[in-house]
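> any chance you could fold what I've pasted below:
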Amino acid sequence: MDSNTHKPCAINNIKEISRWCSIDAQLNEIPIQSDEGVTFEEIIYNMDIGKNFYSKYLKDKNQYYGSLDFQQSCALYYDVVSYLYDLDYTSYKNFMKKYLDYYQKHQEL
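Numbering: from 1, shown residues only. Purely as a prediction, here's the structure:
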């Protein structure tokens, strides 16, 4: 299932709320938007899965990922959280490793 057909997650109990909050906390280790340094938006855009998420928001093929307005940026963020929520443990850990590795590599530049 790609991100454009991703179903909204349903949170029904404490364990599910805890998982959602854990994902949110890990993603929030990196700024969503910033004038300095690497951001959530940049990392997601440059990951393999990123093009699927951004195709929903960037309508012009030359549009820059940083041109999302606040509402689009928030929607993108929650699309990614929802996507991660539905991944199995191994896929989630692999995603987060790539996410944090990208940040570390590009933050140092």
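
> tell me the SS of the one residue sitting closest to the centre of the chain?
Centroid check for the chain by CA atoms, centre = their mean gives Val80 as the closest residue, at 3.9 Å. With DSSP: H, G, I helix; E, B strand; the rest coil as the basis, Val80 sits in helix.

> quick check: it touching Gln26?
No. Using CB atoms under 8 Å, Val80 is not in contact with Gln26, being 11.2 Å away. Heads up, the C-betas are built off the backbone N, CA and C, glycines and all.

> distance of the residue nearest to the centre of the chain relative to Thr90?
Counting by CB to CB, to the nearest Å, the gap from Val80 to Thr90 is 18 Å.

> same check on Tyr99?
In terms of CB to CB, Tyr99 sits 15 Å off from Thr90.

> what's the answer for Tyr64, then?
Distance from Tyr64 to Thr90, by CB to CB: 33 Å.

> for Ser22, same thing?
Remark: distance between Ser22 and Thr90 (CB to CB) = 16 Å.
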